[in-house]
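> give me coordinates for this.
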Amino acid sequence: MFGVILMNETCVFVGGLDRSGKTYMRFMLESHPDFIFSKRTNMWTRYYKKFGSLDQGENFQRCLDAMAKNKHIQALEPDFGQIRADWQKGPWSYPRLFELIHTQYMARHKKNIWGDQTEFLERYAPQILQAYPGAKFIHLLRDPRDRYEAILNKSVKRHSPGIATARWLLSASLAKKTSL
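Model prediction:
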């Protein structure tokens, strides 16, 4: 599996809804010696284009400050001083900022491929695939009947069955639209 889809890649994204198997997929990929993954950093879902153009120094700093407070990004132990230094070399974009954080983490662990697992990441698939040519995007869908049963059996319900079904349909349509 790894040699077929991941040979010579630098990054892999795992998206899908809750209870779809994203964590299990991440565990399988991380069992390969070249992989390092972040989980739930929500870089794309929380920060992408939320602070204005990053070529404005104050916008870049506000974004970086917000990211520094995120416990999942903190777990990657980014060197923000080095990120600021590398940032000056351009280009100034959200995908590049995210990549700087991930590649630092990858290098620190002496790995060759970084990955990100985030719920509903397929909403940003076109932007991700455009920003990272050659990146792989793995979109996971779970049988909606199985998800429905899992939601009913969960002690704390995240979404009602109706909302969960609507999210499943949206996730599937986004993946189909993007040809994931």
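
> now the strands for this structure?
11-16, 35-39, 113-117, 136-140 (DSSP state E).

> hey, what's the residue nearest to T10 when sequence neighbours are not counted bridged with?
Distances taken as C-beta to C-beta, 6 or more residues apart in numbering place I113 nearest to T10, at 6.1 Å, with adjacent residues excluded. Every C-beta, even on glycine, is put in place using the N, C-alpha and C of the backbone. Under the criterion DSSP bridges, I113 forms beta bridges with F35.

> count of residues packed around I113?
By the criterion of other C-beta atoms under 10 Å, I113 has 19 neighbours.

> what do you get for the one 10 residues further on?
Residue crowding around R123 was assessed by other C-beta under 10 Å; the count is 18.

> same deal with P133?
The number of residues packed near P133 is 7, by other C-beta under 10 Å.

> distance of it relative to D34?
19 Å (C-beta to C-beta, to the nearest Å).

> now Q117
Counting by C-beta to C-beta, the gap from Q117 to D34 is 16 Å.

> higher neighbour count, the two?
Neighbours per residue, other C-beta under 10 Å: of Q117 and D34, the larger number sits with Q117, 24 against 15.

> dump the residue contacts of that one.
Neighbouring residues of Q117 by C-beta atoms under 8 Å, 6 or more residues apart in numbering: 13-15, 22-23, 25-26, 37-40.

> apply 7 Å and report the result again.
Counting by C-beta atoms under 7 Å, 6 or more residues apart in numbering, Q117 makes contact with 14, 22, 26, 37, 39.

> tell me the one of those nearest H109?
Using C-beta to C-beta, F37 is the member of those that lies nearest H109, at 10.3 Å.

> neighbours of that closest one, just the number please.
Counted with other C-beta under 10 Å, the neighbours of F37 add up to 22.

> could you find the closest non-adjacent residue to it?
G115 (4.2 Å).

> how much space between the one you found and G81?
In terms of C-beta to C-beta, G115 sits 25 Å off from G81.

> put the alpha carbons of the lengthiest helix in the chain into PDB.
Using DSSP state H, we find that the single longest helix of the chain is helix 161-178. Extracted in PDB, the C-alpha atoms of helix 161-178 (Å, rounded to 0.1, in the frame of the first residue of the first chain):
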ATOM      1  CA  PRO A 161     -29.000  11.600  13.400                       C
ATOM      2  CA  GLY A 162     -30.500  14.100  11.000                       C
ATOM      3  CA  ILE A 163     -27.600  16.500  11.200                       C
ATOM      4  CA  ALA A 164     -25.200  13.600  11.000                       C
ATOM      5  CA  THR A 165     -26.900  12.400   7.800                       C
ATOM      6  CA  ALA A 166     -26.700  15.800   6.300                       C
ATOM      7  CA  ARG A 167     -23.000  16.100   7.100                       C
ATOM      8  CA  TRP A 168     -22.400  12.600   5.600                       C
ATOM      9  CA  LEU A 169     -24.100  13.700   2.400                       C
ATOM     10  CA  LEU A 170     -22.100  16.900   2.300                       C
ATOM     11  CA  SER A 171     -18.800  15.100   2.900                       C
ATOM     12  CA  ALA A 172     -19.500  12.500   0.200                       C
ATOM     13  CA  SER A 173     -20.500  15.200  -2.300                       C
ATOM     14  CA  LEU A 174     -17.400  17.300  -1.600                       C
ATOM     15  CA  ALA A 175     -15.200  14.200  -2.100                       C
ATOM     16  CA  LYS A 176     -17.000  13.300  -5.300                       C
ATOM     17  CA  LYS A 177     -16.800  16.900  -6.600                       C
ATOM     18  CA  THR A 178     -13.100  17.100  -5.900                       C
END
